[in-house]
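In: Next comes the sequence, and after it the predicted model I'd like to discuss.
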Amino acid sequence: MNKKAYIKDKLFYFIITIFSYLVILLVLLAFKINSQAIIAITIIYLISIVSTLIIDYYRKRLFYKELKEKLDNLDQKYLIIEMLQSPSFLEGKIMLDSLYEINKSMIEKINEYKEKTQNFKEYVELWIHEVKLPVSSLILMTHNHKSEYNKKALEQLTRLDNYLEQILYYVRSENAEKDYLITKVNLAKVISNVALKNKDILLEKKIDFIASDLNFDIYTDSKWLEFILNQIIDNSIKYSNKKNSYIKILAKEEKNHIDCVIYDNGVGITKEDLPRVFDKTYTGKNGRLGKYSTGMGLYIVKRLCDKLGHKISIKSTEKKFTCVKISFAKNDYYKVKD
């Protein structure tokens, strides 16, 4: 709060004060008050006006200075109300009371929105579970009745099941802390489940699935990790267009972490697309050329890895390979009682 702004704000007050003084002066002259008395009254009047303005200015200046400093130091600006003391001038008190009411109303609206959002998420989860049941039944039926038609139907049903899982885990990731449970998990067992899930499509497309050195215990949520690995392997399958295609998975132990590496010799990712593969709905060149890409798979994978505290990175060369690495920390933060 600078002096020029304050004086400009008080301009109307100054005009009224000068006008009032002129009226008083005219009254004094009308009653033929001697000049010495008029001078004395004028000095007293000026001193009282100036003193009032100075006191008012510094009270407001201190309050607004404190307000600005606290706002600058706060990341969550809405907490400013809790940090301010009630000011000593009326305008400040009115402003602070108004802010309290606004904040209260905002919190009520946010809570109302959260409740509606949570109800919607619960409905979506329930709907997905209900839809997945007949989809799973249809997948099982096509397994039991082999034919060319059923092969195509199985491919579409598997894709549908994958999309349903993407939606489910995207919704769950909004409130991840309520859904995941960090326990000791055997990496080989999770990989085995993922391989079994993709067995038919791997055989149909004649893709070699090579797994080695996976017998490590890591700390994660097995359900979430299975989804993460399934999304990565699904991408490897989707973008394998070579003869002698293969997917290699291996693990290696480092000093502070265990790395799980998924390597394929598919179409690869362009240099331009690589920095954006984890962006929401970004499909890149391969996705635009393909028929079935939403740009959500790797976005959700990255989101879930962040929630679980795992690091994920991708290296790739177009028309040669793609290598995805997930790092699992070995520190005590993840250790829980078995």
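Out: All right, it came through fine. Numbering: from 1, shown residues only.

In: after the host helix or strand of L25, next one along is what?
Out: Per DSSP states H and E, L25 falls inside helix 11-30. Going down the chain from helix 11-30, the next helix or strand is helix 35-73, by DSSP H and E.

In: Does anything pack onto the next helix-or-strand element following that next one? Which helices or strands?
Out: Counting by DSSP H and E, the next helix or strand C-terminal to helix 35-73 is helix 80-83. With contacts defined as 3 or more Cβ pairs under 8 Å, 6 or more residues apart in numbering; DSSP states H and E, helix 80-83 has these neighbours: helix 35-73, helix 90-144. For glycine as for every other residue, the C-beta is placed from the backbone atoms N, C-alpha and C.

In: Could you list the buried residues of helix 80-83?
Out: Along helix 80-83, no position meets the burial threshold by neighbour count (16 or more other Cβ atoms under 10 Å).

In: Go ahead and name everything in contact with it.
Out: Applying Cβ atoms under 8 Å, 6 or more residues apart in numbering, the external contacts of helix 80-83 come out as 67, 70-71, 74, 96, 99-100, 103.

In: Looking at the residues you listed, which is nearest L203?
Out: Within those, the smallest distance to L203 is 58.3 Å, found for L74 (Cβ to Cβ).

In: quick one: the closest residue to that closest one other than its chain neighbours from R172, how far?
Out: Distances taken as Cβ to Cβ, 6 or more residues apart in numbering put I80 closest to L74, at 6.1 Å, once the chain neighbours are dropped. I80 is 34 Å from R172, where distance means Cβ to Cβ, to the nearest Å.

In: what does L140 give?
Out: Applying Cβ to Cβ to L140 and R172 gives a distance of 25 Å.

In: re the thing from before, which of the contacts of helix 80-83 are buried, as a PyMOL select command?
Out: Here is the PyMOL selection string for the buried members of these, based on 16+ other Cβ under 10 Å:
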select buried, resi 67+96
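
In: so which of the contacts of helix 80-83 comes closest to G284?
Out: L74 (39.0 Å).

In: got JSON lines for the helices and strands packed on helix 80-83, with distance to T220 and mean pLDDT too?
Out: Shown next, in JSON lines, are the helices and strands packed on helix 80-83 (distance: least, Cβ to Cβ, whole Å; pLDDT from 0 to 100):
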{"stretch": "helix 35-73", "distance to T220": "37", "mean pLDDT": "87"}
{"stretch": "helix 90-144", "distance to T220": "21", "mean pLDDT": "84"}
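
In: hang on, the earlier thing: neighbour-wise, which of L140 and R172 wins?
Out: R172 (21 against 10; other Cβ atoms under 10 Å).

In: domains of this protein?
Out: 3-85, 180-334 (automatic domain parsing).

In: pLDDT score assigned to the residue of the chain most remote from its centre?
Out: Centroid-distance maximum for the chain: K32 at 77.6 Å, with Cα atoms, centre = their mean. K32 is assigned 80 on the pLDDT scale.

In: Report the inter-axis angle for the helix holding L25 versus helix 35-73.
Out: 170 degrees (axes from the mean of the first three to the mean of the last three Cα atoms, to 10 degrees).

In: count of residues packed around I201?
Out: 18.

In: Same question for the one 3 residues further on.
Out: Here the neighbour count serves as a burial measure; for E204 (other Cβ under 10 Å) it reads 12.

In: Which residue is the nearest non-sequential neighbour of it?
Out: Spatially, and ignoring its direct neighbours in sequence, E204 is nearest to K151 (6.7 Å; Cβ to Cβ, 6+ apart).

In: Hmm, I201 and that neighbour touching each other?
Out: No - the pair K151 / I201 is not scored as a contact, 9.9 Å apart, by Cβ atoms under 8 Å.

In: about what we covered before: list the contacts of the residue farthest from the centre of the chain.
Out: Counted by Cβ under 8 Å, 6+ apart, K32 has zero contacts.

In: swap in I207?
Out: Per Cβ under 8 Å, 6+ apart, neighbours of I207: 236-237, 240, 245-247.

In: Show me the two of the residues you listed that sit farthest apart.
Out: I237 and Y246 (11.1 Å).

In: Show me which of those two is the more surrounded one.
Out: For I237 and Y246, the more surrounded residue by other Cβ under 10 Å is I237, and the numbers stand at 20 against 17.

In: Quick one: mean pLDDT for the one helix or strand the more buried one maps to?
Out: Using DSSP H and E, the element containing I237 is helix 222-238. If you average the pLDDT over helix 222-238, you get 91.
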